[in-house]
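1. pasting the sequence and the predicted model now:
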Amino acid sequence: MRAIEISAPGTVNLVERPHPTVGAGEALLRVRRVGFCGTDLSTFRGANPLVRYPRVPGHEIGATIARLGPGVDGDWRVGQEVLVIPYTSCGACSSCRAARANCCARNETLGVQRDGAMAEFIAVPFAKLLAVPGLSLCELALVEPLTIGFHAVARGRVTNDDVVAVIGCGAIGLGVIAGAAERGARVIAVDVDDAKLALAALCGATDVVNSSQVDLHGTLQALTDSHGPNVIIEAVGSPATFRLAVEEVAFAGRVVYIGYAKAPVEYDSKQFVLKELDILGSRNALPEDFARVAAMLGRKQFPVDQVVTQTVDFAGVAAAFQQWSEAPATVAKIQLVVGED
Ligand SMILES: [Zn+2]
Ligand SMILES: [Zn+2]
């Protein structure tokens, strides 16, 4: 079968790989749609410490069931359209024991610690499949990236009393905005790109701030009666925005970090104490986040067509990685279409 392999940083090849075998408790999936994740871009750039090469990228999956392995558990049938929860959990680490398998100490995500879905077929355990009637293959492949933001919103305990500032309006930030808006919060979207801010408004942001054009501190203060947002969710992953979240959040506020900063961050730690902040990390997502995103997409109010900015076939994957790497601000979500759409 054909598969996309990132053979080394900067090198993407279309290769032949053996057809996967389907074991007990597994389904063979015909892959139909795969979203490009920022994690895949990091692999392409040689900036993902969790990846060894060669690696088949991709974990945002819309697929159809091609074959059922022995030991089917549940109501699955050949031809059914599904998405895949792309994480593993060991069941034994402290996260798993605390019902927080999303941050399993031994997690392996498809396309990161093990080969992913940019291939014609993959075999996955039934337990990782989710069928969502009413969602298109494009929408099925969009669920996982949106869950990352929904999980961060859950970590921040966002309610309709909150003013939430979201720093960064890439694909992850847009999920945060949709998740916070779904809970009835007032959402201030912050980015340096007007096109992304326009998308943010479509996803439910009530206010948008281009921090390259205005004084961000003054604007956030003006929008919040001089308190600052009481929740800030950081979806950029730079030392400057990590610091900014702690500096701009209100007293007694909550800060949630999604991506980790690619360099050490220097903090004035008195802010942690004087404001008595809750500073929270957020990793991957839980099954309830998947259910919540699937329901949200089922209401057909999320701007799917505007968020998926480009589709490519196998032959176009290498150029798409190159283009995204060179001009990241122009891309919200690219999807690979495998075979006939
Ligand atoms: Zn991802
Ligand atoms: Zn575990």
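-> Cool, got the structure. Residues are numbered from 1 along each chain as shown. Ligands and ions are numbered 1, 2, ... in the order given.
2. residues contacting the closest residue to residue 259 other than its chain neighbours?
-> Counting by CB to CB, 6 or more residues apart in numbering, residue 259 lies nearest to residue 237, which is 3.2 Å off, once chain neighbours are set aside. Placement of C-beta: from N, CA and C, glycine included. When contacts are counted by CB atoms under 8 Å, 6 or more residues apart in numbering, residue 237 touches 168, 258, 259, 260, 261, 262.
3. so which of those wins on neighbours?
-> residue 168 (25 neighbours; other CB atoms under 10 Å).
4. does the nearest residue to residue 204 once chain neighbours are set aside belong to a helix or a strand, and which?
-> Once flanking residues are discounted, residue 204 sits nearest to residue 181: 2.7 Å by CB to CB, 6+ apart. Using DSSP states H and E, residue 181 maps to helix 171-182.
5. quick one: average pLDDT of that helix?
-> Mean per-residue pLDDT for helix 171-182: 97.
6. again with stretch 261-271
-> Mean predicted lDDT for stretch 261-271 stands at 91.
7. how long is that stretch from one end to the other?
-> Distance between the two ends of stretch 261-271: 19 Å, counting by CA to CA, to the nearest Å.
8. quick one: name the residues of this protein near ligand 2.
-> Where the chain comes near ligand 2, counting by CB under 5 Å from the ion, the residues are 89, 90, 93, 96, 104.
9. from those, which land in helices?
-> Counting by DSSP state H, the part of the residues of the chain next to ligand 2 found in helices is residue 96.
10. now do the SS call for the residue nearest to residue 259.
-> When classified by DSSP: H, G, I helix; E, B strand; the rest coil, residue 237 comes out as coil.
11. quick one, grab the pLDDT at it.
-> Model confidence at residue 237, given as pLDDT, is 91.
12. quick one, phi/psi of the residue lying closest to residue 286 once chain neighbours are set aside?
-> Nearest non-adjacent residue to residue 286, counting by CB to CB, 6+ apart: residue 102, 5.0 Å away. When read as degrees, to the nearest 10, the backbone of residue 102 gives phi -60, psi -30.
13. right, and residue 7 touches residue 54 too?
-> Yes: counting by CB atoms under 8 Å, residue 7 touches residue 54, with 4.6 Å between them.
14. got the contact list for the residue most central in space within the chain?
-> The centre of the chain sits closest to residue 145, judged by CA atoms, centre = their mean, with a distance of 2.9 Å. Contacts for residue 145 were tallied using CB under 8 Å, 6+ apart; they are 35, 37, 60, 171, 172, 175, 333.
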